[in-house]
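# Build the 3D model from these lines:
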Amino acid sequence: MRDIVLLGLNHRTAPVDVRECIAFTADETARALMMLRENPAIGESVLFSTCNRIELLMAVDEREAALSLAKQFIADFKKVPLSQFENSLYQYIGEEAVRHTFQVAASLDSMVVGEPQILGQMKAAYRRATLEKTSGVILNKLLHRTFFVAKKVRTETGIGDHAVSISYAAVELGKKIFGELDGKRVMLIGAGEMAELAVEHLIRNRAGTITVANRTFARGVELAARFRGKAIKFEEIIDCMKTVDIVISSTGATGYVLGKEQIKEAMKVRRNRSLFFIDIAVPRDIDPAINRISNAYVYDIDDLKGIVDDNMEDRQREAVKAHRIIDEAVIGFLKWYDTLEVVPTIVSLRGKVEAMARQELEKTLGALSHLTETDKRAIERMTGTLVKKILHEPTDFLKKDGCQGNKSTLLDLTRKLFNLEENH
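I've put the predicted structure just below:
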């Protein structure tokens, strides 16, 4: 029976420069799978590559040979010496490979526990493998079970609840203040990465117009185009403050970009409609004294970090429940996997007994020419029922717990007792 093996590296075992060297694009993944399909040492394969991990999941006949071949295949395909990444590789076999696959899909092995993107990425990798016909009986079953387990973890635990990134925490705070973010107008001051991420979260929550103010106007225009928004000059910020609802600031300024008096004037024109400031800059862009103005809310990166830290603790507690769900799922999958070893022997045994019964039945019916068609059908039914009854207990024994522990010995004995070697 084929072994399930997994070879990979991730953000814990390899620095980003190593991961970049052997990361596979979607086109490269399809090409690599096609090449692996032609290799007789690798029976089934699914290749999974993201910015944080590259993993090759396989079902193989000779695991040591396959693992050695897979390492060299990655090195040759990516034109990177094996010595450059071999020490970063991990490998899991059998039960541990199954458990690791479940944990990755449930985002327990992610940089941020509970992040939802990983499951979608794994599903895309599996779709590519099915298109290239490199995933067979074993990996199909394993990955269908993996997606089921990941969904169960997501629905039965709080592992994906609450904000665990600065940008996401900022948006969650905005939702608390406004109730819903539908149509809320956003101003982005500066173009830092976390501010961009916050805007992406806001757009997913159906926020309205995005206005970008950047010291380099061309960069502001470029970023605004990405979010289908509009760019303004830095000098227009205060004037625009009259109409926006959310301000996200992440400039590299050494002093405050927005002061208390400026916002106080803007709030008069706004008729005190709520204005929410997210200050992701270090040093800060927004004067914290603005918090003292009615209906103006300022949150800086320390406020957001506190929320993230609390939520990470919550997620770690939920991870304990997730591990229990995964442990149960591993036991269930291995029960199915163990039956694969038994199936060929059962098929051979059933085939041999049915063939013998059919041969004897034909002889008997041939000698009893006086029987009616009804009588013949009755004898055929009785013979079929007898075969099923004879085979029921041996089959049940081989499939279930009676064959645990010394399975190989018992299967070997069964094949010898019934002389199944030529059929196996």
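
# so how far is the helix or strand of the chain with the lowest mean pLDDT off the chain centroid?
When each helix and strand of the chain is scored by mean pLDDT, DSSP states H and E, helix 407-417 comes last, with a mean of 73. Relative to its chain's centre, helix 407-417 lies at 40 Å (C-alpha atoms, centre = their mean, to the nearest Å).

# mind saving the C-alpha coords of it as CSV?
This file holds the C-alpha atoms of helix 407-417, laid out as CSV (Å, rounded to 0.1, in the frame of the first residue of the first chain):
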residue,chain,number,x,y,z
LYS,A,407,-2.5,-7.0,9.8
SER,A,408,0.3,-7.9,7.3
THR,A,409,0.7,-11.4,8.9
LEU,A,410,-3.0,-12.1,8.8
LEU,A,411,-3.3,-10.9,5.2
ASP,A,412,-0.4,-13.1,4.2
LEU,A,413,-1.9,-16.1,6.0
THR,A,414,-5.3,-15.5,4.3
ARG,A,415,-3.7,-15.4,0.8
LYS,A,416,-1.8,-18.6,1.6
LEU,A,417,-4.8,-20.4,3.1
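
# and it, what does it pack onto?
Secondary-structure packing of helix 407-417 (3 or more C-beta pairs under 8 Å, 6 or more residues apart in numbering; DSSP states H and E): helix 301-367, helix 373-399. (Glycine included, C-beta is placed from N, CA and C.)

# Pick the most deeply packed of those.
For those, the largest average neighbour count (mean count of other C-beta atoms under 10 Å) is found in helix 301-367, namely a mean of 15.

# Give the rounded mean pLDDT of it.
Mean pLDDT, helix 301-367: 83.

# so where do the strands sit in the protein?
With DSSP state E as the criterion, the chain has strands at 3-10, 44-49, 53-60, 90-93, 186-189, 210-213, 230-232, 246-249, 275-279, 296-300.

# Export those as JSON lines, with columns for mean neighbour count and distance to S167.
Output for the strands of the chain, formatted as JSON lines (neighbours: other C-beta atoms under 10 Å; distance: least, C-beta to C-beta, whole Å):
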{"stretch": "strand 3-10", "mean neighbour count": "21", "distance to S167": "23"}
{"stretch": "strand 44-49", "mean neighbour count": "24", "distance to S167": "25"}
{"stretch": "strand 53-60", "mean neighbour count": "25", "distance to S167": "22"}
{"stretch": "strand 90-93", "mean neighbour count": "16", "distance to S167": "31"}
{"stretch": "strand 186-189", "mean neighbour count": "26", "distance to S167": "12"}
{"stretch": "strand 210-213", "mean neighbour count": "24", "distance to S167": "14"}
{"stretch": "strand 230-232", "mean neighbour count": "18", "distance to S167": "21"}
{"stretch": "strand 246-249", "mean neighbour count": "28", "distance to S167": "9"}
{"stretch": "strand 275-279", "mean neighbour count": "26", "distance to S167": "9"}
{"stretch": "strand 296-300", "mean neighbour count": "21", "distance to S167": "12"}
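
# Tabulate those strands in CSV, adding columns for distance to E38.
Output for the strands of the chain, formatted as CSV (distance: least, C-beta to C-beta, whole Å):
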stretch, distance to E38
strand 3-10, 18
strand 44-49, 11
strand 53-60, 14
strand 90-93, 23
strand 186-189, 50
strand 210-213, 49
strand 230-232, 52
strand 246-249, 51
strand 275-279, 53
strand 296-300, 56
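
# So which of those strands is nearest L173?
strand 296-300 (5.8 Å; C-beta to C-beta).

# what's the offset of the closest one from the middle of its chain?
35 Å.

# ditto for stretch 298-305
With C-alpha atoms, centre = their mean, you get 30 Å for stretch 298-305.

# Just the C-alpha atoms of it, please, in PDB.
Taking C-alpha atoms only, stretch 298-305 is exported to PDB below (Å, rounded to 0.1, in the frame of the first residue of the first chain):
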ATOM      1  CA  VAL A 298      -8.400  58.600  17.400                       C
ATOM      2  CA  TYR A 299      -6.800  55.200  17.700                       C
ATOM      3  CA  ASP A 300      -3.000  54.800  17.400                       C
ATOM      4  CA  ILE A 301      -1.000  51.700  16.800                       C
ATOM      5  CA  ASP A 302      -0.600  51.000  20.500                       C
ATOM      6  CA  ASP A 303      -4.400  50.900  20.900                       C
ATOM      7  CA  LEU A 304      -4.700  48.600  18.000                       C
ATOM      8  CA  LYS A 305      -1.900  46.300  19.300                       C
END
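
# How about residues contacting that stretch?
166, 169-170, 173, 276-282, 284, 286-288, 290-291 (C-beta atoms under 8 Å, 6 or more residues apart in numbering).

# Next: stretch 32-45.
Residues contacting stretch 32-45 (C-beta under 8 Å, 6+ apart): 2, 24, 46-47, 56-62, 65-66, 69-70, 73, 77, 128-129, 132-139.

# And those, which of them are buried?
2, 24, 46-47, 56-60, 66, 69-70, 73, 128-129, 132, 134-135, 138-139 (16 or more other C-beta atoms under 10 Å).

# Can you select the buried ones from the contacts of stretch 298-305 in PyMOL?
Buried residues among the contacts of stretch 298-305 (16+ other C-beta under 10 Å), as a PyMOL selection:
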select buried, resi 166+169+170+173+276+277+278+279+280+281+284+286+287+290
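
# List the ones among the contacts of stretch 298-305 that fall in helices.
I166, A169, A170, L173 (DSSP state H).

# Would you mind measuring from the last one to I246?
Looking back up the chat, that one is L173. 10 Å (C-beta to C-beta, to the nearest Å).
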